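Visitor: Below is the structure, and that's it, no one-letter string:
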Ligand code: PEP
């Protein structure tokens, strides 16, 4: 099954109305102008900007996503946002299990799985993030850690339309450092083979696997050319129109 390239901008806790909307409008303009849709693009602004960014990218083909969601659909959870609320704002995606949430909020694989399942139940596609810390890589434990996180975080019902997996080595996020292409290829091959064992070969072949961690215009082509990499989850570089657009254009 052919997998369409996907590039996702994770704005993290960045963006006010003025700069966020200017960024969204500029990307929407380029996307509308482009005509063909060789790659798919999604923007995941902070919750405060989702509605306004949604308006700015209307009819551009750019999809919208949230950076997290609560496992429950509603209720007494002050400060949280549910997957149906994201759906209500026309989001297509919800990032779950980002390493910054795992670190800042103590999110476990079990919680990430519950969040991913909440996303699926709301009709969203979950972008499930996994990746090793530097000490784990140094100790030669990368594949074991990634496998454990993957199998522990994957939602029931994972399928090409409902689930994207993002491999993001924690030590590469926001640091300017990246694994070698061989290292990225090794981890993506492991993820694909574990997905095949868990879900069957056909389903596994259809699920998109993104790489994330210091993707820039200057390294995107090389990274996206790695076998099994279907695009990128991009943090810092997604805040710059030219940089993010060049990354998207580097998709296969
Ligand atoms: C991320 O936030 O998912 C990420 C990959 O960040 P950066 O691109 O800044 O490393």
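Guide: Done, it's in. These figures come from a predicted structure and were not determined experimentally. Numbering: from 1, shown residues only.
Visitor: I figured residue 42 hits residue 94, correct?
Guide: No - with contact defined as C-beta atoms under 8 Å, residue 42 and residue 94 do not form a contacting pair (10.6 Å). (Each C-beta comes from the backbone N, C-alpha and C, glycine too.)
Visitor: Please enumerate the shared neighbours of these two.
Guide: residue 65 (C-beta atoms under 8 Å, 6 or more residues apart in numbering).
Visitor: ok, the two, which is more surrounded?
Guide: residue 94 (27 against 23; other C-beta atoms under 10 Å).
Visitor: Could you look up the SS state of that one?
Guide: Classification of residue 94 by DSSP: H, G, I helix; E, B strand; the rest coil places it in strand.
Visitor: Quick check: it vs residue 185, distance?
Guide: 27 Å (C-beta to C-beta, to the nearest Å).
Visitor: that's a helix at residue 137, yeah?
Guide: Yes - assignment of residue 137 by three-state DSSP places it within a helix.
Visitor: Give me the pLDDT for it.
Guide: You'll see residue 137 listed with a pLDDT of 97.
Visitor: That one reaches residue 171, doesn't it?
Guide: Yes - assessed by C-beta under 8 Å, residue 137 is found in contact with residue 171 at 6.8 Å.
Visitor: OK, contacts around the closest residue to the ligand within the stretch 101-250 of the chain?
Guide: Proximity to the ligand, evaluated over the stretch 101-250 of the chain using C-beta to the nearest ligand atom, is greatest for residue 235 at 2.2 Å. Residue 235 makes contact with 10, 12, 173, 174, 212, according to C-beta under 8 Å, 6+ apart.
Visitor: Also near the ligand: which of the residues you listed, exactly?
Guide: 10, 12, 173, 174, 212 (C-beta under 6 Å from any ligand atom).
Visitor: need the residues you listed in JSON lines with neighbour count and secondary structure, can you?
Guide: Shown next, in JSON lines, are these (neighbours: other C-beta atoms under 10 Å; DSSP: H, G, I helix; E, B strand; the rest coil):
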{"residue": "10", "neighbour count": "26", "secondary structure": "strand"}
{"residue": "12", "neighbour count": "18", "secondary structure": "coil"}
{"residue": "173", "neighbour count": "21", "secondary structure": "coil"}
{"residue": "174", "neighbour count": "13", "secondary structure": "coil"}
{"residue": "212", "neighbour count": "25", "secondary structure": "strand"}
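Visitor: Tell me the one of these nearest residue 191?
Guide: residue 212 (12.9 Å; C-beta to C-beta).
Visitor: Contact residues of the stretch 151-252 of the chain facing the ligand?
Guide: 168, 173, 174, 212, 213, 214, 215, 233, 234, 235, 236, 237.
Visitor: And those residues, which is closest to residue 74?
Guide: For those, the residue nearest residue 74 by C-beta to C-beta is residue 233; the value is 27.7 Å.
Visitor: so who does that closest one touch?
Guide: Contact analysis of residue 233 by C-beta under 8 Å, 6+ apart lists 8, 10, 95, 127, 129, 166, 168, 210, 211, 212, 215.
Visitor: As a markdown table, those with pLDDT would be great.
Guide: Listed next are the contacts of residue 233 as a markdown table, based on pLDDT from 0 to 100:
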| residue | pLDDT |
| --- | --- |
| 8 | 98 |
| 10 | 98 |
| 95 | 98 |
| 127 | 98 |
| 129 | 98 |
| 166 | 98 |
| 168 | 98 |
| 210 | 98 |
| 211 | 98 |
| 212 | 98 |
| 215 | 98 |
